[in-house]
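Colleague: How does the following fold in three dimensions:
(2 chains)
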Amino acid sequence: MPYGWVGQVLRIDLSAGKVVKEPLNMPWARQFIGGRGLGTKYLYEEIDPRCDPLGPENKVIFATGPLTGTYAPTGGRYMVLCKSPLTDAIACSNSGGYWGPELKFAGYDMVILEGRAPRPVYIWIYNDQVEIRDASHVWGKTTAETEDILRGETDPQARVAGIGPAGENLCRNACVINDKSRAAGRSGVGAAMGAKNVKAIVVRGTGAVAVADPLRFSELVMESLQVVNQSPVTAHALRGLGTASTVGFANGVGILPTRNFQQGQFEAANDISGQAIAKSVLVRNKGCYSCPIGCARVTEIKGPARWQGKGEGPEYETIFGLGSDCGVGDLNAVLYANYLCNLYGLDTISAGGTIAAAMELAEKGYIPKEDLAELPFELKFGNPEAVIGCLEMMAYRRGRFGHLLAEGGYRLAEHYGHPELFMGVKKQDFAAYDPRGAKGMGLGYATSNRGACHLRGYSMTLEWFAPPNQRLDPFSTQGKAAAQKMLQDKAACEDSSGICTFVTFALTPDKVCALFNAATGENLTLEDWNLAGERIWNLERMFNLRAGLGRKDDTLPPRMLKEPLSGGMVQGQVVELESMLEEYYRIRGWDEEGRPKQETLARLGLS
Amino acid sequence: MKMIVSHPEKCVACHLCEGACSFRHEGLFMPARTRIWVFDLVDEQVYGAYACFHCSDAPCLAHCPTHAISRRADTGQVYVQEERCIGCKMCMVACPFGVMGFHGDKKVAQNCDLCEGEPQCVKVCVYGALEFAEVEPMPWAERLAAMERGA
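Modeller: Residues are numbered from 1 along each chain as shown, chains lettered A, B, ... in the order given. From the prediction side, this is the model:
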């Protein structure tokens, strides 16, 4: 057994009902680290990027990293990769909770789902025993009901990652939910799983993850824990108020996207802030596996509220998606909508973005009256019933409008003749930072390999969150191309290693690289490590180019390019994308069409 | 005596303590071999980490048919003498708290051994949910009643 990685891949041919265990491709693992990078390599080698993402020729890979399952801070992540049903580009969605480590303890770095099961199934993995089981009794059930039932018939300690009705109904905003509340959220990976007729992967593992240099590893972890525990971001902001700690800041400077990005400030922001959560719905804090930050919030809607429920959330992105972006400032409504998304298996960002686009289309009169007449609620900003109603229609594809919602915001806006009102990139909705107030974020959204995403190159860290003397002017385009490249490459290897982006607010890349080395026995220099990130980024890009995407897709909606924001510190700003993009391609070693040049590929070992 | 004291209200169910425990004792990350357990009943909003309480009337010790479990005179801790343990799991049945573990390869029972005075679980718990503190061992029934009151 190798160190860090457990050295085995579980390949499940659903069409033939066949399970094969094969050794992990170690040369690939060394080049692409694990998780996101390694999963991309497998996909790149094994599927045609032009394939139908909902067809049997697509594959869905559940991949862990070499640090997953160890006690490296936040070493508990796994990723779901496939060709995205939402973007047609590479999809890689990252989740915490307990599922990833359990898969490693069962003895697998990755699970590859191939083909298509003739009828609904779930996969039951108990160490080396693997079964494809009938799932007809849980098909149609919510993620929470499914987890309870499947744990009941397998092992009460098993961990479950699966889809809800949204994934079954091939909703392009569907996610994979594990441990009831953690989401591999973006790019419609839940729909790809649904298309394979796989309801869930249930895992129980009693094995181990070993590391190459235990003494060094424990020293590094103890040091890292200290660093995390002293960082104002990880130990105070995130631990104290969760990701929702960002609401006040974003609203204050004017980049809290509101009403489909028509504004950057929301008058009810204080009602849906981290402080508001702490005051009214918070039960207790929660952490994912091996996490010293503990940003998750266990919550419950209390009192005689109109909406009831309990679970986890809301995260900052959810507060924006289901709250400010839809003009909803009722915390209970946002939280209830959040719980529904978890139960249905919907990405709260894209579900919210889709509804916000629908609301603007309706308010501008672009949706014919007869279409709106079908709806049991008034489709307008600020109406929580519309958000909640749309979520159900979307997840279950109820009615003609439900079918349109399930196709995601871009396809909806295009259907009504106004694709420019879709706020996102590569058909994937923006996250919760208006790029007009953080130009590097704009370039990041435009060039992200999985469509609009704040985590691919989290330039908020440099443009707003960094200490003043290290900060890049958020309104300038100066230096943003180089910063984006650096951040994108950095996140690519960090994601791949199996840790959470949030811990890297405290841990520098050399620390993460050292943890990787001590765990795996590899001997990467910081330069090698950065190069691995660049390699992963370029391989994702190659996948997308082969899938038919290109420069034309590296863009932003006209609103970001032409309509200045009003209010807050960001008054009057738009994103000057073109100049940043050209510089970015040059720095990346890509040609004018955004294709990696031969020498770039050669330098990265990708030719 | 000094033992692991749990403050479940501060726990976030991250399982760092389990990783630290198995890593210290086995050199592996292996929750199946841990001597401290995180109960993560997130649905019920209940979670916390627990290790051996070294009860003053330890039922594991009382029920061990081979007298493999005894109490150290110096530290007061309850411990398993591996060479006398036959792996019958009677102690695990007897423990009302579910904090007696079992080593699947050696086929012997194992409980918290306090890492020779430097408990690793306490070291990694950045939340302060675990403490290595001076407390007197209690009769098991008293502790159980106290825990039930707390819950």
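
Colleague: Pull out the buried positions in the helix or strand containing A:Asn538.
Modeller: A:Asn538 belongs to helix A:526-546 when assigned by DSSP states H and E. Of the residues in helix A:526-546, A:528-545 count as buried by neighbour count, 16 or more other CB atoms under 10 Å in any protein chain shown. All C-beta atoms are positioned from the backbone trio N, CA, C, and that covers glycine.

Colleague: Same question for stretch B:1-21.
Modeller: Residues B:1-4, B:6, B:8, B:10-21 are the ones in stretch B:1-21 that count as buried (16+ other CB under 10 Å).

Colleague: Restricted to helices, list these.
Modeller: Secondary structure from DSSP state H places B:Leu16, B:Cys17, B:Glu18, B:Gly19, B:Ala20, B:Cys21 of the buried residues of stretch B:1-21 in helices.

Colleague: Can you give me the neighbour number for whichever residue of the stretch 451-600 of chain A sits closest to chain B?
Modeller: Nearest residue of the stretch 451-600 of chain A to chain B: A:Ala519, at 9.7 Å (CB to the nearest CB). Using other CB atoms under 10 Å in any protein chain shown, the number of residues around A:Ala519 comes to 31.

Colleague: Touching, A:Ala532 and A:Leu526? I think so.
Modeller: No. The criterion here is CB atoms under 8 Å, and A:Ala532 misses it with A:Leu526 at 10.6 Å.

Colleague: so what's the nearest residue to A:Glu563 once chain neighbours are set aside up against?
Modeller: With sequence-adjacent residues excluded and distances taken as CB to CB, 6 or more residues apart in numbering or on different chains, A:Glu563 is closest to A:Val574, at 6.8 Å. Residues near A:Val574 by CB atoms under 8 Å, 6 or more residues apart in numbering or on different chains: A:Arg436, A:Met560, A:Leu561, A:Lys562, A:Glu563, A:Pro564, A:Leu565.

Colleague: By neighbour count, which of those wins?
Modeller: For these, the largest number of neighbours (other CB under 10 Å) sits with A:Arg436, at 27 neighbours.

Colleague: hang on, that one in a helix?
Modeller: Yes. Assessed with DSSP: H, G, I helix; E, B strand; the rest coil, A:Arg436 lies in a helix.

Colleague: these two touch, right, it and A:Gln571?
Modeller: No. In this structure, A:Arg436 is not within contact of A:Gln571 by CB under 8 Å, at 10.0 Å.

Colleague: hey, what's in contact with both of these two?
Modeller: Contact criterion CB under 8 Å, 6+ apart; residues shared by A:Arg436 and A:Gln571: A:Pro564, A:Leu565.

Colleague: Dump the helix holding A:Asn538 to CSV, keeping only the CA atoms.
Modeller: Written as CSV, here are the backbone C-alpha positions of helix A:526-546 (Å, rounded to 0.1, in the frame of the first residue of the first chain):
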residue,chain,number,x,y,z
LEU,A,526,7.5,24.4,-4.0
GLU,A,527,8.2,25.0,-7.6
ASP,A,528,7.2,21.4,-8.5
TRP,A,529,4.1,21.9,-6.5
ASN,A,530,3.1,25.1,-8.3
LEU,A,531,3.9,23.4,-11.6
ALA,A,532,1.5,20.5,-10.7
GLY,A,533,-1.2,23.1,-10.1
GLU,A,534,-0.5,24.7,-13.5
ARG,A,535,-0.5,21.2,-15.1
ILE,A,536,-3.9,20.5,-13.6
TRP,A,537,-5.3,23.8,-14.8
ASN,A,538,-4.0,23.3,-18.3
LEU,A,539,-5.3,19.7,-18.5
GLU,A,540,-8.8,21.0,-17.5
ARG,A,541,-8.4,23.7,-20.2
MET,A,542,-7.5,21.0,-22.7
PHE,A,543,-10.6,19.0,-21.8
ASN,A,544,-12.7,22.1,-22.3
LEU,A,545,-11.1,22.9,-25.7
ARG,A,546,-11.7,19.4,-26.8
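
Colleague: any idea of the mean pLDDT in that helix?
Modeller: For helix A:526-546, mean pLDDT is 98.

Colleague: just checking, what packs against it?
Modeller: Packing partners of helix A:526-546 (3 or more CB pairs under 8 Å, 6 or more residues apart in numbering or on different chains; DSSP states H and E): helix A:26-32, helix A:35-46, strand A:90-95, helix A:480-497, helix A:509-520.

Colleague: Just checking the distance from stretch B:78-88 to the centre of its chain.
Modeller: Mean-position distance between stretch B:78-88 and its chain equals 15 Å (CA atoms, centre = their mean, to the nearest Å).

Colleague: and A:Arg398, how many neighbours does it have?
Modeller: 18.

Colleague: What of the one 5 residues further on?
Modeller: Here the neighbour count serves as a burial measure; for A:His403 (other CB under 10 Å) it reads 16.

Colleague: quick one: pLDDT of it?
Modeller: On the pLDDT scale, A:His403 gets 98.

Colleague: could you list every residue that touches it?
Modeller: Residues in contact with A:His403 (CB under 8 Å, 6+ apart) are A:Arg397.

Colleague: Regarding it, what are the backbone dihedral angles?
Modeller: Main-chain torsions, A:His403, degrees, to the nearest 10: phi -60, psi -40.

Colleague: What of A:Gly309?
Modeller: Dihedral angles (degrees, to the nearest 10) for A:Gly309: phi 150, psi 170.

Colleague: now swap in A:Gly69 and tell me
Modeller: Backbone geometry at A:Gly69, expressed as degrees, to the nearest 10, gives phi 90, psi -10.

Colleague: Quick check, it in contact with A:Gly76.
Modeller: Yes. Assessed by CB under 8 Å, A:Gly69 is found in contact with A:Gly76 at 7.3 Å.

Colleague: Point out the other helices and strands that the helix or strand hosting A:Ala337 packs with.
Modeller: Assessed by DSSP H and E, A:Ala337 sits inside helix A:331-344. With contacts taken as 3+ CB pairs under 8 Å, 6+ apart, helix A:331-344 sits against helix A:143-153, helix A:274-280, strand A:296-301, strand A:309-312, helix A:316-318, helix A:348-363, helix A:384-396.

Colleague: ok, and which of the ones you listed has the densest surroundings?
Modeller: Neighbour counts (mean count of other CB atoms under 10 Å in any protein chain shown) averaged over each of the helices and strands packed on helix A:331-344 peak at helix A:348-363, with a mean of 28.

Colleague: angle of it against helix A:331-344?
Modeller: Here helix A:348-363 runs at an angle of 120 degrees relative to helix A:331-344 (axes from the mean of the first three to the mean of the last three CA atoms, to 10 degrees).

Colleague: ok and helix A:348-363 relative to helix A:384-396, angle-wise?
Modeller: Angle of helix A:348-363 versus helix A:384-396, following the same axes, to 10 degrees, is 120 degrees.

Colleague: After helix A:348-363, which helix or strand is next?
Modeller: Following the chain from helix A:348-363 toward its C-terminal end, the next helix or strand by DSSP H and E is helix A:369-373.

Colleague: for that following helix, which positions count as buried?
Modeller: For helix A:369-373, a neighbour-count test (16+ other CB under 10 Å) marks A:Asp371, A:Leu372 as buried.

Colleague: How about the contacts made by residue 4?
Modeller: In the absence of a named chain, chain A is used. A:Gly4 neighbours (CB under 8 Å, 6+ apart): A:Gly34, A:Pro66, A:Leu67, A:Thr70, A:Val209, A:Ala210, A:Val211, A:Ala212, A:Phe516, A:Ala519, A:Thr520, A:Gly521.

Colleague: Can you look at chain B instead?
Modeller: If a contact means CB under 8 Å, 6+ apart, then B:Ile4 has B:Ile36, B:Ala51, B:Cys52, B:Cys112, B:Leu114, B:Pro119, B:Cys121, B:Val122, B:Leu130, B:Glu131, B:Phe132 as its contacts.
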